[in-house]
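# Based on what follows, work out the 3D shape:
(3 chains)
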Amino acid sequence: MQRKKSKNWQPVILLAPAIIIVILIIGYPVGRAIGLSLFQYDMTNLQNVKFVGIQNYVDLFTKDEAFWPAFKNTIVWVLVTVASQLLLSLLLANILNKKFFLRGVVRSIVLIPWVTPCVLISLMWAWIFNGNYGVVNEILNRLHLITGDAAWLAQPQTALWVQILAMIWQGVPFFTIMILAAMQSIPAELYESASVDGASSVRKYFHITIPGIASTLVSTVMIRLIWVFNNVDIIYTMTGGGPGYSSLTLSVYTYQQAQKSMRFGYGSAAAITGAVFMTGVIFIYLRLTREKGGMITK
Amino acid sequence: MFMKKRMRKMVSLTLAMCMTVPFLTACGSGKESKEEGNGKDTITVWYWEDNEGSYEEAYSTWSEKYPDVNLELESIPWNSYHDRLVAAAASGDLPDVYKIQPTWTPELVSMGAIEPLDEYIDAWEGRDTIPESMWNSAKADQDQTYSWPHSLVVLYLYCRKSYFEDAGLEYPKTMDEFYEACEKLTKDTDGDGAADTYGFSMRGARGGHFMWAGLTMNAGVDFLDDGGKTALNTDKMTEANQKYLDIYKNGWAPKTAPTDGMTEIVQNFESGVTAMLIHHLNSAQGIVDVLGDDVDVVPLPEGASGRYLPSEPCFWAVSSKSESKDAAVDFLKYSTEEEPHKALCKNAGLVPFVSPVTDDPEFTENKFCAASMEYLDDVKTFPVCDTWGEWSETVWPQTMQRALLGEITSGDMIETLADNLAGE
Amino acid sequence: MKEKKGIFTFYILTVFFLVIVLFPFLWTFLTSLKEETEMFSQDFHFLPLVPTLESYRELFQKTDFLFNMWNSLVVSAVTVVIAGVVSFMGGYALSRYRFRLRNTLLYFFLLLYLVPNTLLLIPLYTVFNKMGILYTPLCLIVAYSTYSIPYSVWLTTGFINQVPYELEEAAALDGCNLSQRMFKIVLPLLKPAMIASCSFIFITSWNEYTYANMFTNAESRTVTVALSNFMTQYNIRWDLISAGGIIVVIPVIIMFAVVQKDLIAGMTAGGVKG
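So this is what the prediction gives:
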C-alpha cells in the first residue's frame, strides 16, 4: 500500500494535541519518578534525603526478600491472564459474530464484566470465594468435591489463581469487542471468493479472519500486557499481596512501598525496574509481531 | 487553499479548547473559604468518620461559643484520607486542623506540616481534664508535642456467652485460660469431620498487630526499651509468639485467618463461626444488633507481666501553615470540652477520656464502654517512630502470614520484626 | 448431522459464557436482597429467605449515589469527546504519514502507561492545585484524557490502516482536502471502529478509581469512589455495595445495547472494496 511520504506540517499539527496533553500531565511526574529512584527519599524522613545512585536498585535485587517472589508472581500473573483472555475472547468473538436468536442481547450481556468497576470486581470475587460463607465452597461441598470449607484466598497455592480468574473474567469482554469490531472490517468479498474456491471454514478462519484482525490482536494483547501488569486494585483489595508473598506482584509491591510505607525513592526504583522489564517484553513482542500487521514499521 | 485554512482553524480550536479550559475555570473554582464571610476568620477541619454526620452534630454548638470564627468541617472518606493528607502536605495546602493517627506524626514532622503545641497545652487551664496517659501518648516520645488528644478506643475481648455456657467455661482471665478456651470452643457441630466453630477470630491481615500485641506482649515484652532501642527480639517473645501462631496451626482459628481483616473477624464472630473476638467499642453496636444479649466483654487476659492493652487513639494536629493558629487551638480546646466530647463519643462509638464525661452513667453503665474504661490509665499506645508506618502496613502482615503458613519460624518472625522496626 | 452437532456445541458454548459472565452478578444481586444476618449465616441458602429491597431504598434515599453516577457520566462523556477527537487526529497522522520519530512516538505513547499511577498522584495533586482545578470534574477529565489518549491513538491507527488509501486518493483527485477526506471519507467508514475506541475511553473513565479517589470531594465524587466509600474504617456495608454494584452497571448496559448494532453493523455494507 502506498502512503504519502512528505515532510509537510500536517502530521505535526494532527499529532500536536495528543502529544501536548500527554506530556503536560504525565511527562513531569514520570521524569520526577526516574529522578527519585536515585535518592533515598522517605516521606517519613525528609531531613535525610540524599543521593544514593543505584543503591536502591542494588538493594532491590540483592537484599530484598520480597522482590524475587514478586517478580515471579508478576510473570505468572501477566502471562496466564493475558493468554487465557486471548484464547477465550477469540472463541467468544467467533460465537458472537454468527447470526443467532437474541444475538444483540447476548452481545450486551457479555460486556458486563468490562463495565464493572475494579473495586466491585474484587469485592464480588472475594465474596464468592469467601472461605466461610462463599458460594463456591457451598457448591463444591454439595457436589462432594471437597469436605469442609476451603480458604481460597488464605492459601498460598490458590490465592493468586483466584485473582487471576477474576482478572480474566474482567478482561475478556474488552478483548472480544475489539476483535468483533476488527472482524467487521474484513471485506465480505474475501470470504465469498474463498467459498467459490471451495475453502473450508477452518481454512477461511486462518487465512482470512486471523490476518484481517491481526493488527487489532497485536495492539490489544500489548495493551493488556501492560494493564494486567499495572493492575493494583484487584490484588490489593482481595489479599493485599498475601498470604506472605504468594500473590505479591511488582505493581502491588510498588504501591506498598510508595503509598503505604512512604518510601518514594525505593518505590520509584521498584516501579522503574518493572517498567524497564516490561519495556523489554513489549519491544521483543513488537519485533516478533512486526510482520503480522503490527504498527511499528521498519 | 481556503480549505487548508479551515483545517488549521479546526486544529487550533481543538488545541485551544483542551489547553485553556482548565485555566478559564480556574477563576471560578479556587479556594474562596479564607476570604469569604464578611472578614471573619475561617478555620477548616479535615477528619474521617464512621457514622456520617456524627462530627457535624457534635460540634454544632461552635458558632454559639465562637461567633467570630467560621468553622468548616470537611469529612473525607477513610479510603483516601491518608493519601490526600500527604499530597496536601507536600503541596503546602493543608487545612488548619486535621485528624491524624499517631503513626503519621513522623512524616508530617519531616514535611514541616505540623505545628508544635506545647506552649498552647501548658497555657491551657483545662489541661487536667484530660488524663496524663493521653498527653503522654500525644507526645509519643518526640521532642515536642505535635498533637492534641481527640478520640480513643481500647481493645477488649468479646465472648459469645452461649458458647461459653455450653462448654462450661468461664471467661478467660489469664493467657492459659485463653488458650484453653480457644481449644475447647473449637467444635465440629455437624459431624462432618471439619470444624464449624472456632475458638478465636484471628486477624492475619493488615491491622492484626493490635490483637497480636495484646496477646503476646503481656509476657513482659515491649517494642522499645527506655533508650529507644528495639527490645522485641527476646526468647520470651518468641515463645509467646509461638503460642499465638499455634492458635492457627492447631485449627482453633478459621482457615481464612491469614488474610482475614477487620471486617472478616467481626463477621465471623457475629455469624457464630468464632467464639472470641478482640476488637473495640466501635463494633459493639453492630454485634449487639445481631447477637443481642448473647455477648459479653471482658478485658484482655493477663500474661506473665499483667495486661497489655493496645489502644487506638486519634489526635488533632494544627497545620504549620495555618494563618489562624489561635483559632485552630480554640477549636482543639472546644473539641475536648465536656459537651462536644460527650456528643462525639456517643455519636461515633468512642471511649470518653475527658474527666467529667468519664463518670457519666451513660457510659459507665454500658457494659462495652465500661470494659473499655476499666483500665484506662494502663492502656498502651504503639511507638511513634519513622519505621512504624512500613512496619505495621507491610512488614507485620507479610511476616505474620509467612509464619502462619510455616514458611518461617516464630524466631525468624520476631527477628525480622525487630530488625525492621530498628530500620535495619 | 455434522451441522446439527456444530449448532449444539455452539449453544453449549454460548450458555457457558453467559453463565460465567452472569454468575458473579446474579450472586451479588441475590446478596443485595438478603438481610445482613442472613448473608453471614451459617445455614447456607442460595435464595434469600426474606427478600428485601431495603438496601436499594437506603441507597437511593440516604446516599448521593445517583448524583455520583451523574458525575461519572458527565466526566466520561466529556472525556470521550476530547480524547476521541484528539486520538482520531493523531491516529490519522500516524497511519497516513511516514516521518522520522514515528516509531519512537508510538513506543513513547505506550511506555507512559508503564509508570504506575501511584507515583503520579502527588505531583498531579500539586499540578491540579496550582491550576486551581483540584476537586472539580475538570481535573478528572484532563487526567482521563491523558490516560486514554495513548491507547486510543494506537487503536485508531490500526483501524485507519485498514481503510484503503486509494479511496482518499480518488477523493483528492476530485478536489477534497485533508479535513474533508478525514471527516467525510475516513470517519464514516470507521464508524464501528470509532465506537469501539470511544467505548474504550468511556469505560476507562467510568471505571477509574485511583485518580477519582484522590481528586474529588463530595461535590464531584464519582461512582467508583462512592462505591468504595461504603467501606469505612471499621465497617463494610455489603448491602449498599451489592445494591450499588447492580445499579451502577445498568446504564452502561443500556448504552451498549443501543450502540452494539452500530458497532457490529459493519464496514462490509459500507462499500469498502479492497
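# Can you pull up the most central residue in chain C?
With distances taken as CA atoms, centre = their mean, residue C:203 lies nearest the centre of chain C, 0.8 Å away.
# Please give me every residue in contact with that one.
The neighbours of residue C:203, taking CB atoms under 8 Å, 6 or more residues apart in numbering or on different chains as the test, are A:114-115, A:174, C:252. All C-beta atoms are positioned from the backbone trio N, CA, C, and that covers glycine.
# now do 7 Å
Residues in contact with residue C:203 (CB atoms under 7 Å, 6 or more residues apart in numbering or on different chains) are A:114-115.
# Is it within a helix or a strand, and which one?
Using DSSP states H and E, residue C:203 sits within helix C:191-207.
# Does the following helix or strand past that helix reach chain A?
Counting by DSSP H and E, the next helix or strand C-terminal to helix C:191-207 is helix C:210-215. No: using CB under 7 Å from any CB of the partner chain, we find that helix C:210-215 stays clear of chain A, coming within 7.6 Å at best.
# Can you classify residue B:296 by secondary structure?
The three-state label given to residue B:296 by DSSP: H, G, I helix; E, B strand; the rest coil is strand.
# for it, which residues make a bridge with it?
residue B:159 (DSSP bridges).
# burial count for it?
15 (other CB atoms under 10 Å in any protein chain shown).
# In space, what's closest to residue B:77 - neighbours in sequence excluded?
residue C:229 (4.4 Å; CB to CB, 6 or more residues apart in numbering or on different chains).
# next one: residue C:95
In this structure, residue C:95 finds its nearest non-sequential neighbour in residue C:160, 3.9 Å apart by CB to CB, 6+ apart.
# So the one you found versus chain B, what's the distance?
According to CB to the nearest CB, to the nearest Å, residue C:160 and chain B sit 17 Å apart.
# what residues are up against that residue?
The contact partners of residue C:160, by CB under 7 Å, 6+ apart, come to C:91-92, C:95, C:186, C:190.
# ok, which pair from the residues you listed is furthest apart?
Farthest pair in these (CB to CB) is C:95 and C:190. Separation: 10.7 Å.
# So if I had to pick from those two, which one is more boxed in?
residue C:190 (25 against 21).
# can you pull the pLDDT of the more buried one?
Looking at residue C:190, its pLDDT is 81.
# next one: phi and psi at the closest residue to it other than its chain neighbours?
Spatial nearest neighbour of residue C:190, excluding adjacent residues (CB to CB, 6+ apart): residue C:159 at 5.6 Å. Here is the backbone geometry of residue C:159 (degrees, to the nearest 10): phi -70, psi -40.
# got the residues of the stretch 251-400 of chain B near chain A?
Checking the stretch 251-400 of chain B against chain A by CB under 7 Å from any CB, the hits are B:254-259, B:268, B:273, B:386, B:389-390, B:393-394, B:397-398.
# what does the stretch 101-250 of chain A put close to chain B?
Near chain B, when you scan the stretch 101-250 of chain A using CB under 7 Å from any CB, you find A:131-132, A:147-149, A:151, A:153-154, A:156, A:239-240, A:242-245.
# Now with 8 Å, please.
A:130-133, A:147-151, A:153-156, A:159, A:239-245 (CB under 8 Å from any CB of the partner chain).
# If any of the residues you listed are buried, put those into a PyMOL selection.
In PyMOL syntax, the buried subset of these is picked out as below (16 or more other CB atoms under 10 Å in any protein chain shown):
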select buried, chain A and resi 130+131+132+133+149+150+151+153+154+155+156+159+239+240+241+242+243+244+245
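# Narrow the residues of the stretch 101-250 of chain A next to chain B to those in strands?
Using DSSP state E, no member of those falls within strands.
# Could you list which residues are in contact with the closest residue to residue B:162 other than its chain neighbours?
Sequence neighbours aside, residue B:294 is the residue nearest to residue B:162 in space, at 5.3 Å (criterion: CB to CB, 6+ apart). The contact partners of residue B:294, by CB under 8 Å, 6+ apart, come to B:160-162.
# any idea how far chain C is from residue B:294?
Residue B:294 is 13 Å from chain C, by CB to the nearest CB.
# Residue B:151 too?
For residue B:151, the distance to chain C - CB to the nearest CB - is 11 Å.
# Distance across stretch A:206-215, terminal residue to terminal residue?
Start and end residues of stretch A:206-215 are separated by 14 Å (CA to CA, to the nearest Å).
# returning to what we had before: from the contacts of residue C:160, pick the one nearest chain B.
residue C:92 (11.5 Å; CB to the nearest CB).
# all strands for the stretch 151-300 of chain B, in order.
Ranges of strands within the stretch 151-300 of chain B are B:156-160, B:198-200, B:274-279, B:295-298, based on DSSP state E, counting those that start in this stretch.
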